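Visitor: Return atomic coordinates for the entry below.
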Amino acid sequence: MSASQPRNQPGILHTVEEATDLLRRCEARTWVWWFAGSAPFAVGMLHFVSDMSRAARAEAHLPGAALLLALLYWWMKIAQAVFSDQLLQLLRGEAEPPPLPLRGRLRLITSQALIHFSAPWILPLALLALLPFSWVYASYQNCSVLALSVLRQGGRVRDLIRAAVRQSHYAYRQNHALLLILLIFSTIVWLNWHGSLLLGASLAKSFTGVENAISRNPFILLSSGLISATVVMSYLLVGPLVKALYVLRCFYSFSRKNGEDLAVAFRRSRPEQLARSLAIGFWLAWLPCASAEMPPPVPAQTQIAPAALEKGIQQVLEQDVFQWRMPRARQKLSQDASWLERFLVDAVTWVKRAMHKAGSFLEDLFTEKLRRWLDSLREKKLNTGENGRNTWAELSDQLLKGLIVVLGAGLLWLLVRHARSQPRVQTKAGAGPAAVNLESEQVVATQMPEDEWLRLAEEKLKAGELRLSMRALFLATLAHLNQRQLLLVGRSKSNGDYVRELSLRARGRSELQTCFGEAVRHFDRAWYGWHEVTREGLEQFRAHYRNITTDGRPG
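Guide: Residues are numbered from 1 along each chain as shown. Here you go, the predicted structure:
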């Protein structure tokens with residue numbers, strides 16, 4: 001099995017069932033975020049389609065309506081990012097996460113605008129190419145799912161895009177299958193909406209005896225307005241399932257590195273059930289060892305006669321598993337072939353020819369339409385008004401000036417950011433070391449500077465909590481290496497990833513690599529293993545920290 005198809009990957013139907021269960025367990029505030037973000041855009045889209053298809057002066061107020069629809073789309077993506085993050089927190093079983101600082105909120109707003117503005121253009125192009133569509137679609141969904149998680153760690157827009165693209169490669173076959181299931185499910189929901197409208201109109205006529213628009217003309221269901229309304233209502237119902245599925249995919253992708261799914265399973269298990277399972281496991285492991293007996297003596301190897309050996313080989317080769325042959329070459333039907341065989345062969349041939357002709361027709365049709373559209377663009381003449389200028393030309397001038405101002409402001413912001421050479425660790429305003437829960441596996445070393453971790457380690461040492469003191473000291477070590485740009489701290493990385501990363505970034509510093517490796521092994525035995533933390537062990541770990549801060553030389 002390839003690396004993109006992990007062995008412990010859950011099945012497709014199991015993933016769909018787990019996503020449905022996740023939506024059942026989410027709170028009312030989570031649903032408020034979904035409908036508060038998606039419903040305004042749905043209403044705005046319906047109004048835009050109806051207005052642009054029926055209004056006589058639609059061209060006059062098209063720019064304003066399009067701008068309003070773009071702002072609603074922007075707000076929808078921000079709300080969906082919050083909705084997806086709350087689903088992810090519910091899946092992890094975490095407490096209330098720390099709120100984003102002001103800079104994180106600004107990055108959330110700008111990242112959703114910079115990333116999702118290209119979706120209406122990139123997704124249709126990827127759909128035409130067919131092959132990259134699933135990766136592109138998964139990347140856009142992951143940008144909504146991972147937005148708040150990346151920004152809480154001090155990440156930027158490029159870090160979010162990099163993480164989303166990386167997670168889109170996880171289980172690509174499952175991704176294709178989920179897209180097919182979602183397409184079938186969405187089509188069924190859409191058809192159900194149409195059927196419900198037709199059935200409701202028929203029942204209203206039967207109970208009231210009054211004709212309505214649908215009962216008088218059922219083909220009104222094929223109008224653009226009703227089709228748009230049913231598509232929007234189907235999106236409001238199917239959209240949460242799509243987000244839940246990609247939340248699960250990101251969660252299982254991260255769990256391949258940090259084993260987070262095992263931690264969640266342990267937290268959900270009751271203590272008595274966990275103790276009972278461990279007792280049964282130890283008993284089953286001890287039972288074969290207790291009942292094992294000495295193996296029987298192996299008889300001395302005797303020489304086999306050639307005739308008996310030949311007979312045994314012949315008997316083995318006569319088994320059904322070895323009775324195979326090369327596939328037969330395709331042959332024409334004989335004259336005495338049955339009518340059923342001839343009918344099936346003719347039907348398959350006709351289907352192949354029809355599909356080939358349909359493909360050629362569609363290819364020629366789209367090619368001809370594209371050529372006509374390009375010719376019309378070249379030959380089209382703009383209608384000018386009394387002042388000799390076209391309204392669209394004036395609008396394009398204003399848009400061009402606005403884009404120049406936005407690009408200039410963005411360039412100035414990039415220059416200011418580039419002038420800051422040393423990255424600063426973002427901490428929550430007014431929060432001290434007591435605000436960090438060292439028992440949580442979601443704590444990262446970039447939440448506080450190195451001095452704060454050392455102060456927290458001293459507080460835990462004075463309180464007699466030696467295990468938490470070692471955790472704070474280890475986070476101070478990671479913060480020190482991250483500040484020196486020898487490590488890039490991330491929530492999804494394991495300690496083994498940090499050891500390998502340091503071996504690449506600190507080449508030629510063998511003492512530093514050795515000290516950090518010893519510190520990681522010492523910490524893993526105490527934090528993840530059964531070793532008790534003593535004051536002597538904590539002093540030894542503190543010596544590792546001092547050696548690391550002095551590049552491996554005894555400090």
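
Visitor: thinking residue 479 is in contact with residue 446, fair?
Guide: Yes - Residue 479 lies in contact with residue 446 (C-beta atoms under 8 Å); the separation is 6.8 Å. C-beta: built from backbone N, CA, C; applies to glycine.

Visitor: Relative to residue 117, how far out is residue 542?
Guide: Going from residue 542 to residue 117 by C-beta to C-beta, to the nearest Å gives 51 Å.

Visitor: Then residue 17?
Guide: To residue 117, residue 17 is 34 Å away according to C-beta to C-beta.

Visitor: out of residue 542 and residue 117, which sits in the busier spot?
Guide: Shown here are residue 542 and residue 117; by other C-beta atoms under 10 Å, residue 542 has more neighbours (17 against 14).

Visitor: need the contact list for the more buried one.
Guide: Shown in contact with residue 542 (C-beta atoms under 8 Å, 6 or more residues apart in numbering): residue 473.

Visitor: Let me know the pLDDT of it.
Guide: Residue 542 is assigned a pLDDT of 87 by the prediction.

Visitor: any idea of the mean pLDDT in stretch 179-191?
Guide: pLDDT averaged over stretch 179-191 gives 91.

Visitor: how about low-confidence regions in the stretch 251-400 of the chain?
Guide: Applying pLDDT under 70 to the stretch 251-400 of the chain picks out residues 260-303, 320-339, 365-371, 373-400.

Visitor: Without its sequence neighbours, what residue ends up closest to residue 74?
Guide: Leaving aside its chain neighbours, residue 74 sits nearest to residue 113 (5.5 Å; criterion: C-beta to C-beta, 6 or more residues apart in numbering).

Visitor: That neighbour: how many residues sit nearby?
Guide: 16.

Visitor: Check residue 14 too.
Guide: 11.

Visitor: Quick one: classify it as helix, strand or coil.
Guide: State at residue 14, reduced to three classes by DSSP: H, G, I helix; E, B strand; the rest coil: helix.

Visitor: now it: how far from residue 137?
Guide: For residue 14, the distance to residue 137 - C-beta to C-beta - is 21 Å.

Visitor: what's stretch 43-63 in contact with?
Guide: For stretch 43-63, contacts defined as C-beta under 8 Å, 6+ apart pick out 65-66, 68-69, 72, 224-225, 228-229, 232, 395.

Visitor: Among those residues, which ones are in helices?
Guide: The helices, defined by DSSP state H, take in 65-66, 68-69, 72, 224-225, 228-229, 232, 395 from the contacts of stretch 43-63.

Visitor: export the residues you listed to TSV and tack on neighbour count and distance to residue 198?
Guide: Shown next, in TSV, are those (neighbours: other C-beta atoms under 10 Å; distance: C-beta to C-beta, whole Å):
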residue	neighbour count	distance to residue 198
65	16	31
66	12	33
68	14	32
69	16	29
72	19	30
224	12	17
225	13	15
228	17	17
229	18	14
232	19	18
395	12	42
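
Visitor: Pull the most distant pair out of the residues you listed.
Guide: 229 and 395 (30.0 Å; C-beta to C-beta).

Visitor: Give the closest residue to residue 535 in space, chain neighbours not counted.
Guide: residue 466 (6.7 Å).

Visitor: Sorry, wrong one. I was asking about residue 247.
Guide: Here the residue nearest residue 247, using C-beta to C-beta, 6+ apart, is residue 87, at 4.7 Å.

Visitor: Same list (the contacts of stretch 43-63) but as CSV, adding distance to residue 311.
Guide: Output for those, formatted as CSV (distance: C-beta to C-beta, whole Å):
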residue, distance to residue 311
65, 88
66, 85
68, 88
69, 83
72, 82
224, 80
225, 82
228, 78
229, 79
232, 76
395, 93
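
Visitor: of those residues, closest to residue 512?
Guide: residue 72 (52.9 Å).

Visitor: hang on, isn't residue 241 packed against residue 182?
Guide: Yes - in this structure, residue 241 is within contact of residue 182 by C-beta under 8 Å, at 7.4 Å.
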